[in-house]
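K.L.:
pasting the structure only:
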């Protein structure tokens, strides 16, 4: 893998990725009906009008371009690319989880088994890393439910990964790759926020989650590295895990669509504009990422303690907000 490319080439690559992120969204937005890529709203949707989906294909194009230019190992970018193409197919035909999950596990297993790690994965660690990658890909997909949230999260998450890779003197190609993905998400955002002219779709959200998790695995040199890098996606993990607990406790079918995430409650029941909720999640994510990196410099215990405090705070906040929302909803229903 090449260590770096010169600054002029970097600038050209960054510009191309920014443009591709927007171009993919524009193309899908213009030709979605002909391609059969229109998301029609239902009772579980957070949008009210049919909207093109699959606009994240430009992010995928930027990922492939930057991987080829930077000569990223094929075992890193090929599984993610094939999974993105499969997910684009899923955007059109709404594939069942029973069909999608095996493909995702195969892609993750291919990456973990063939990547060059600083350690030899045991059977348990191999299983854990594969589940982590597939779980993150799906968590990212599940959290892509309101305007701007997936794009903003991508800008921040991959920006933080680039910052960490730079500080830790990791392969310069991965610094550049993370910046390229962040910029492609930035290019996509104007088409998705504040008003969504196009949705990212599985092709974008599954790809971003998969690549984020793969970069966390690849860049981690220790367990504390792994935990801190994973924290760059903290709001998504915290929201999804607490929502899963709530749904399991209620005995819900976990494979069925829902509107139980905290961000959905804020946008739908509390009527907070999508861009404000998404921006709030992004700011929260940025503050956590920076503070965890600072805490890590004081030792593992400090970083872990801070993350535990953040998670406890998120749980308390979500309990309060959900309870208050349920009270307001019940009060409004009594009035009608």
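P.N.:
Nice, thanks for sending it over. Since we're looking at a predicted model, the values are computed, not measured. Residues are numbered from 1 along each chain as shown.

K.L.:
avg pLDDT for the helix ranked longest in the chain?
P.N.:
The longest helix of the chain (DSSP state H) is helix 300-335. The predicted model assigns helix 300-335 a mean pLDDT of 88.

K.L.:
Which other helices and strands does it contact?
P.N.:
In terms of contacts (3 or more C-beta pairs under 8 Å, 6 or more residues apart in numbering; DSSP states H and E), helix 300-335 is packed against helix 223-230, helix 234-249, helix 262-264, helix 274-296. (Glycine included, C-beta is placed from N, CA and C.)

K.L.:
Could you check how far it is from the centre of its chain?
P.N.:
Centroid displacement of helix 300-335 relative to its chain, using C-alpha atoms, centre = their mean, to the nearest Å, is 22 Å.

K.L.:
And stretch 13-26, by the same measure?
P.N.:
For stretch 13-26, the distance to the chain centre is 18 Å (C-alpha atoms, centre = their mean).

K.L.:
buried sites along it?
P.N.:
By 16 or more other C-beta atoms under 10 Å, the buried positions in stretch 13-26 come out as 13-14, 16-26.

K.L.:
Any stretches of the stretch 151-300 of the chain with poor pLDDT?
P.N.:
The model of the stretch 151-300 of the chain has no residue with pLDDT under 70.

K.L.:
One more pass at 80, please.
P.N.:
The stretch 151-300 of the chain contains residues with pLDDT under 80 at 255, 257.

K.L.:
surely residue 168 meets residue 219?
P.N.:
Yes: with contact defined as C-beta atoms under 8 Å, residue 168 reaches residue 219; the gap is 7.3 Å.

K.L.:
now the one helix or strand residue 156 maps to, how far from the chain's geometric center?
P.N.:
Residue 156 is located in helix 149-167, with elements delineated by DSSP states H and E. Here the centre of helix 149-167 is set off from its chain's centre by 10 Å, with C-alpha atoms, centre = their mean.

K.L.:
ok, and the closest non-adjacent residue to residue 16?
P.N.:
residue 65 (6.4 Å; C-beta to C-beta, 6 or more residues apart in numbering).

K.L.:
what pLDDT, on average, does whichever strand or helix holds the one you found get?
P.N.:
Assigned by DSSP H and E, residue 65 belongs to helix 57-69. With pLDDT averaged residue by residue, helix 57-69 scores 97.

K.L.:
Which neighbouring elements make contact with it?
P.N.:
In terms of contacts (3+ C-beta pairs under 8 Å, 6+ apart), helix 57-69 is packed against helix 7-35, helix 74-93, helix 172-188, helix 201-219.

K.L.:
Could you report the separation of the closest residue to residue 149 other than its chain neighbours from residue 18?
P.N.:
What sits nearest to residue 149 in space, not counting adjacent residues and going by C-beta to C-beta, 6+ apart, is residue 278, at 4.1 Å. Remark: distance between residue 278 and residue 18 (C-beta to C-beta, to the nearest Å) = 19 Å.
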